[in-house]
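# Below is the structure, and that's it, no one-letter string:
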Ligand code: NAD
């Protein structure tokens, strides 16, 4: 990418913002156009996702297109309401006054995205950023080139370049973009690159949202319905070939039910993907041969009780179950991001703590239990981005729940109204009436200090 092209786009977006012509109704019209164009591009999107990740058509619809369409419809319905000034209560000490919050866009937003849900993770933040009145540049991942290319055409067909643009390219392009002055940066990707983005943003004091990864634990208490739990874990872990930021990374299971759970997990994997997952139309592939190598390396030497086969040429790794890995081995120290599920048993909560605290602040936290006390203990004592009790992944579907991490798994959150808030600065405004002033505010200060102190402290 020619650096002068980046400058041209940034300058044209600046000019557009200066014109102040980005009305709510014009934004709603463009959101409607986006919805329509997604329908027009739908088959090309399926094809691109199949080429990049071997995603099954239905999985692409469910996890990429449907979520985006729902988000657009939510914004079309609520944008006028969300954009209104919000009245807040006045302080009696400012009586009489009117107090309100005025949402305003930050300005030029840069969105950098990963490859694992390359369509959805580019468009969902875009919908929030654009609808809130910002201009946007999206830098999609170079590792999903087919989807990036369709995305680029979809955006070009929908938005004028001075409002939303796609700039394709690798880490070098991303670095060039980060060296420019933005008003907000929204990054989804690894914790490693998240730190680079945060430090580049700090140079211009640009606010950031960081949507990162981590090792999301899945804790299984005794007394649960093992068939149901296994089915929900298998679907959450192996969808998109395990390349989901909120996939259960590993299982912590009560020792009493460990072998029953393992037997059931095997049954559920075969039920979904058959005895030969490499021949299943529903089973995806690893994004690149480098990632296949990385995954083969972390399986090596582990106690595999199911799967373990791979084919680098086909970017295939079989759904794999591993038991009792050393918690200091690479498989337990880095985010797996592939179809490999380590299973560790525990006898008491201290053993749970020991494992989870090795990788604190996971993005997701899953608990399967019928015991309220146990559930409350876990959700009150661990830090995480979001939690689901008795299922996996499904919190992402609900846009009434903010989605984001904490600490190692990121900062900030988005989805629905939370996206509008993320991409808006709420200007606090206080309008004082001219008729009345509380006299003691102005000097000379009153003599009756104790009486007035008592009176004012009451408010
Ligand atoms: P990544 O961090 O390698 O890349 C993400 C983006 O950053 C890409 O567009 C890439 O071109 C760019 N980039 C890479 N190196 C860069 C550098 N040095 N400077 C500037 N930009 C750079 O992540 P990935 O491999 O694409 O995605 C996988 C990671 O993303 C996993 O850790 C996963 O958990 C995380 N993820 C998080 C979420 C979430 O919502 N929290 C969603 C999906 C993926």
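The structure has been received and is ready for your questions. Remember, it's a predicted structure, so these values are computed and weren't measured experimentally.

# So for the host helix or strand of residue 292, what gets flagged as buried?
Secondary structure assigned from DSSP states H and E places residue 292 in helix 289-299. Residues of helix 289-299 classed as buried: 291, 292, 294, 295, 296, 298, 299 (neighbour count, 16 or more other Cβ atoms under 10 Å). To be clear about C-beta, it is placed using only N, CA and C from the backbone, and glycine gets the same treatment.

# The last one and residue 319, how far apart?
Separation of residue 299 from residue 319 (Cβ to Cβ, to the nearest Å) stands at 12 Å.

# Kindly report the same for the third one.
The spacing between residue 294 and residue 319, counted by Cβ to Cβ, is 17 Å.

# for the second one, same thing?
Note on residue 292: its distance to residue 319, by Cβ to Cβ, is 14 Å.

# any chance you could map the helices in the stretch 251-400 of the chain?
For the stretch 251-400 of the chain, applying DSSP state H, counting those that start in this stretch gives helices covering 258-273, 289-299, 330-333, 349-356, 372-381.

# can you count the residues close to whatever residue of the stretch 151-300 of the chain ends up closest to the ligand?
Residue nearest to the ligand within the stretch 151-300 of the chain: residue 213 (2.2 Å; Cβ to the nearest ligand atom). The number of residues packed near residue 213 is 30, by other Cβ atoms under 10 Å.

# what's the answer for residue 450, then?
When neighbours are counted by other Cβ under 10 Å, residue 450 comes out with 7.

# And it, which helix or strand is it part of?
Assigned by DSSP H and E, residue 450 falls within helix 449-457.

# name the helices or strands packed onto that helix?
Helices and strands touching helix 449-457, by 3 or more Cβ pairs under 8 Å, 6 or more residues apart in numbering; DSSP states H and E: there are none.

# got a list of contacts for it?
93, 440, 446 (Cβ atoms under 8 Å, 6 or more residues apart in numbering).

# ok, now with 10 Å
With Cβ atoms under 10 Å, 6 or more residues apart in numbering as the test, helix 449-457 has contacts from 92, 93, 438, 440, 445, 446, 448.

# what does the helix holding residue 292 rub up against?
By Cβ under 10 Å, 6+ apart, helix 289-299 touches 115, 143, 241-243, 285-286, 288, 307-308, 310-318, 320, 322, 325, 329-334, 336-340, 342.

# Return only those of those found close to the ligand.
Counting by Cβ under 6 Å from any ligand atom, 115, 337 from the contacts of helix 289-299 sit close to the ligand.

# Make a PyMOL selection of the buried ones in the contacts of helix 289-299.
Per 16+ other Cβ under 10 Å, the buried members of the contacts of helix 289-299 correspond to this PyMOL selection:
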select buried, resi 115+143+241+242+243+285+286+307+308+310+315+316+317+318+320+322+325+331+332+334+336+337+338+339+340+342
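
# okay if I get the contacts of helix 449-457 as JSON lines plus secondary structure?
Converted to JSON lines, the contacts of helix 449-457 look like this (DSSP: H, G, I helix; E, B strand; the rest coil):
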{"residue": "92", "secondary structure": "helix"}
{"residue": "93", "secondary structure": "helix"}
{"residue": "438", "secondary structure": "coil"}
{"residue": "440", "secondary structure": "helix"}
{"residue": "445", "secondary structure": "coil"}
{"residue": "446", "secondary structure": "coil"}
{"residue": "448", "secondary structure": "coil"}
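
# Tabulate these (a markdown table), appending neighbour count, pLDDT and distance to residue 121.
Shown next, in a markdown table, are these (neighbours: other Cβ atoms under 10 Å; pLDDT from 0 to 100; distance: Cβ to Cβ, whole Å):
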| residue | neighbour count | pLDDT | distance to residue 121 |
| --- | --- | --- | --- |
| 92 | 12 | 85 | 47 |
| 93 | 10 | 85 | 46 |
| 438 | 11 | 80 | 52 |
| 440 | 13 | 78 | 56 |
| 445 | 10 | 84 | 58 |
| 446 | 10 | 81 | 60 |
| 448 | 11 | 85 | 62 |
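
# Can you name the residues of the stretch 1-150 of the chain that neighbour the ligand?
Counting by Cβ under 6 Å from any ligand atom, the stretch 1-150 of the chain sits next to the ligand at 112, 113, 114, 115, 116, 121, 139, 141, 142.

# Count the residues that sit near the last one.
The one in question is residue 142. 15.

# What about it? Give its phi and psi, please.
Backbone torsions for residue 142, taken as degrees, to the nearest 10, come to phi -70, psi -20.

# wait, isn't it in contact with residue 112?
No: counting by Cβ atoms under 10 Å, residue 142 stays clear of residue 112, with 11.2 Å between them.

# Now do the shared contacts for those two.
171, 173, 174.

# Which parts of the stretch 101-250 of the chain are helices?
120-131, 145-158, 171-178, 191-203, 226-238.

# Need the residues touching each of residue 299 and residue 319.
Counting by Cβ under 10 Å, 6+ apart, the residues touching both residue 299 and residue 319 are 307, 308, 338, 340.

# I'd like to know how far residue 312 sits from the ligand.
Separation of residue 312 from the ligand (Cβ to the nearest ligand atom, to the nearest Å): 18 Å.

# make that residue 347, sorry
Per Cβ to the nearest ligand atom, residue 347 is found 30 Å from the ligand.

# Tell me the spacing between that residue and residue 257.
Residue 347 sits 12 Å away from residue 257 when distances are taken as Cβ to Cβ.

# higher neighbour count, those two?
Shown here are residue 347 and residue 257; by other Cβ under 10 Å, residue 257 has more neighbours (18 against 10).

# Now do the contacts for the more buried one.
So residue 257 contacts 220, 221, 222, 223, 224, 226, 229, 264, 345 (Cβ under 10 Å, 6+ apart).
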